[in-house]
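Asks: output the structure for:
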Amino acid sequence: MKPVPTGAPPPVVAELGNGVRVVAIPLPHIETAAVSVFVRSGSAHEARRLAGISHVVEHMAFKGTEGRSVQQINFDAERLGADVNAHTDRDHTAYHMRGRARDALAFVAMLGEIVLHSTFPDDELERERQVLLSEMADEDDDALVIVDKLFDRLSWGDHPIAQPIVGSATTVRRIGRDDILGYVAAQYTGPNVVVGVAGNVDVEAFMRAAEAAFGAMRGGTANVVAATEWHGGFGSKAQGGSQQSHVVLGYAGRAVTDPAHHAIAVAAAVLGDGMSSPLLDQIRERRGLAYSLGCAAESSSLAGSFVVDASLAPEHLDAFLVETRRLLDEHAGGVEASSLERAKNLLAVRRLRDAEHAVRRLEHAALDVLAFGRIRDRAELDALEDAADTASVSATFARLLAAPVSLAIAGKLRKGAVERARETFGRR
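Replies: Numbering: from 1, shown residues only. Next comes the predicted model:
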């Protein structure tokens, strides 16, 4: 019988001379390794005329380097059995490889080549531009995407954080190779980069490999985004061909660096996490007002929001909004101890699952380093949420409701839907 592991060495964080941080999370009980590069550069860092350029860079980074063609990049990674991926968010862009732990040093070298030495060929840019425009056309037909974009505009106004991560068709058509080269040169600098691994690896060997791959990266200063301001408001967009209504409503939350974010996360779990939560039990299970329903405290290094979203039949929209407002008011008046216990345990178990998943654990650690300069341990996070009691969670609901609501509706709309939503959620 294989012995059960009793623990693992703690994570290691080191800083290269150019400001690049290197994170190693030893997980000796698994045979794979996840290697990622996180860059503090996302859609919120973009000028309006180049909205979407972070996402374009992410796609183009794999389209050829000084030493390899796009075909060679794909083949060399897959020859090792590696899973290759990337993503762009509002506050960061990330590049990932995952495979056997023995190949982790090769992965960091390949990612270094992709991040530092991509050539962004013009012919590949034109091909990828058409792919991106096609994806955007699909999104323009998706009421779920439309309602999210509308909610962001209502919430954040003209701030770059409200820009769609993919940009617009106009800006994507405008972005050229010189724009990409200038953006990467300005944004992809040492203090804005975290190189990380989670898996069964030799930490010292990985540190040396990261130094070899990223030690020549240009230094600089941390990328900064102007402070956000919550606006709030009501809006709708009818979508031809849609048979459902989609609604997103929410209140101003807090950035992940604000300890108050944790109280909002607990409040969201109390209201709508799990089938026994008041939101799902009362609205979906007992009354059948929505077939898709959720509640979350969304937070990044830049801002946060408390969000309820639902997809439902148009004739149920008014009743859904009235019932949701009733539940919010009810929780502002008091929270039951058993509901709080359930919420805390759900959050704690989710954190345990993330800690057992190499990719998610690495992502949490890398984003912590970008936001806090260190990795927060599970005990610290547990303590922040454990500090919430019924009175403080109830007070959190009351503070949320005292601020302007953002309420977006898209899809099939009944006449007067926005006016009735304003009547339900505009009152204090």
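Asks: where along the stretch 51-200 of the chain do the helices fall?
Replies: For the stretch 51-200 of the chain, applying DSSP state H, counting those that start in this stretch gives helices covering 53-60, 70-79, 104-117, 122-140, 143-156, 169-174, 177-187.
Asks: most packed of the ones you listed?
Replies: Ranked by mean neighbour count, these are led by helix 53-60 with a mean of 24 (mean count of other CB atoms under 10 Å). All C-beta atoms are positioned from the backbone trio N, CA, C, and that covers glycine.
Asks: and that helix, what other elements does it pack with?
Replies: Judged by 3 or more CB pairs under 8 Å, 6 or more residues apart in numbering; DSSP states H and E, the packing partners of helix 53-60 are strand 83-88, strand 93-100, helix 122-140, helix 177-187.
Asks: of all these, which one is nearest residue 317?
Replies: For residue 317, the closest of those is helix 122-140, at 22.6 Å, according to CB to CB.
Asks: contact partners of the closest one?
Replies: 52, 55-56, 59-60, 63-64, 70, 145-146, 166-169, 172-173, 175-177, 180 (CB atoms under 8 Å, 6 or more residues apart in numbering).
Asks: how does it look with 10 Å?
Replies: Helix 122-140 is contacted by residues 52, 55-56, 59-60, 62-64, 69-70, 118, 120-121, 145-146, 148-149, 164, 166-169, 172-173, 175-177, 180, 239 when judged by CB atoms under 10 Å, 6 or more residues apart in numbering.
Asks: and that helix, how far from the chain's centre?
Replies: Its chain's C-alpha centre and that of helix 122-140 lie 22 Å apart, by CA atoms, centre = their mean, to the nearest Å.
Asks: how big is the angle separating it from helix 143-156?
Replies: 90 degrees (axes from the mean of the first three to the mean of the last three CA atoms, to 10 degrees).
Asks: mean confidence for helix 122-140?
Replies: Computed over helix 122-140, the mean pLDDT rounds to 92.
Asks: buried sites along the helix or strand hosting residue 379?
Replies: Per DSSP states H and E: residue 379 is located in helix 378-386. Going by neighbour count (16 or more other CB atoms under 10 Å), the buried part of helix 378-386 is 381, 382, 384, 385.
Asks: which elements pack onto it?
Replies: With contacts taken as 3 or more CB pairs under 10 Å, 6 or more residues apart in numbering; DSSP states H and E, helix 378-386 sits against helix 260-272, helix 337-355, helix 358-372.
Asks: return the most buried member of these.
Replies: Comparing the helices and strands packed on helix 378-386 by mean count of other CB under 10 Å gives helix 260-272 as most buried, with a mean of 24.
Asks: quick check: mean pLDDT across that one?
Replies: Helix 260-272 shows a mean pLDDT of 96.
Asks: ok, then the element right after that helix?
Replies: Counting by DSSP H and E, the element after helix 260-272 in chain order, helix or strand, is helix 278.
Asks: strand partners (parallel or antiparallel) of the following helix or strand past that following helix?
Replies: Remark: after helix 278, the chain's next helix or strand is strand 292-299, criterion DSSP H and E. Strand 292-299 pairs in its sheet with strand 304-312 (antiparallel), by DSSP bridges.
Asks: circling back: using a markdown table, lay out the helices and strands packed on helix 53-60 together with distance to residue 43.
Replies: Below are these laid out as a markdown table (distance: least, CB to CB, whole Å):
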| stretch | distance to residue 43 |
| --- | --- |
| strand 83-88 | 7 |
| strand 93-100 | 9 |
| helix 122-140 | 14 |
| helix 177-187 | 12 |
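Asks: give me the below-cutoff pLDDT ranges for the stretch 201-350 of the chain.
Replies: When residues are selected by pLDDT under 70, none of them lie in the stretch 201-350 of the chain.
Asks: tell me how far the ends of stretch 74-94 are from each other?
Replies: One end of stretch 74-94 to the other measures 17 Å (CA to CA, to the nearest Å).
Asks: now do it: distance to the chain's middle.
Replies: 16 Å.
Asks: in that stretch, what's buried?
Replies: 77, 82, 84, 86, 88, 89, 90, 91, 92, 93, 94.
Asks: which one of these is nearest to residue 261?
Replies: Nearest member of those to residue 261, counting by CB to CB, is residue 91, at 14.2 Å.
Asks: what pLDDT is listed against that closest one?
Replies: 97.
Asks: the helices and strands packed on helix 378-386: which one's closest to residue 190?
Replies: helix 358-372 (12.5 Å).
Asks: now the angle from that closest one to strand 93-100?
Replies: If you take the same axes, to 10 degrees, helix 358-372 sits at 150 degrees to strand 93-100.
Asks: what's the angle from helix 358-372 to helix 337-355?
Replies: Put simply, helix 358-372 runs at 100 degrees to helix 337-355, going by the same axes, to 10 degrees.
Asks: what packs against helix 358-372?
Replies: So helix 358-372, by 3+ CB pairs under 10 Å, 6+ apart, packs with strand 12-15, strand 21-26, strand 32-39, strand 83-88, strand 93-100, strand 193-199, helix 337-355, helix 378-386.
Asks: so for residue 330, which of the helices of the stretch 51-200 of the chain sits nearest?
Replies: So among these, helix 143-156 is nearest, using CB to CB, at 23.7 Å.
Asks: gap between that closest one and the chain center?
Replies: For helix 143-156, the distance to the chain centre is 15 Å (CA atoms, centre = their mean).
Asks: for the record, mean pLDDT for that helix?
Replies: 96.
Asks: who are the packing partners of it?
Replies: Using 3+ CB pairs under 10 Å, 6+ apart: helix 143-156 touches helix 122-140, strand 233-238, strand 245-252, strand 304-312, strand 406-411.
Asks: figure out how far the second one is from the centre of its chain.
Replies: Once both centres are worked out by CA atoms, centre = their mean, strand 233-238 turns out to sit 24 Å from its chain's centre.
Asks: that strand pairs with which strands, and in what direction?
Replies: Strand pairing (DSSP bridges) places strand 233-238 next to strand 406-411 (parallel).
Asks: that older thread, mind putting the helices and strands packed on helix 143-156 into JSON lines with distance to residue 321?
Replies: Output for the helices and strands packed on helix 143-156, formatted as JSON lines (distance: least, CB to CB, whole Å):
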{"stretch": "helix 122-140", "distance to residue 321": "26"}
{"stretch": "strand 233-238", "distance to residue 321": "11"}
{"stretch": "strand 245-252", "distance to residue 321": "7"}
{"stretch": "strand 304-312", "distance to residue 321": "9"}
{"stretch": "strand 406-411", "distance to residue 321": "8"}
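Asks: which of the ones you listed sits closest to residue 265?
Replies: Closest approach to residue 265 among those (CB to CB): strand 304-312, 9.0 Å.
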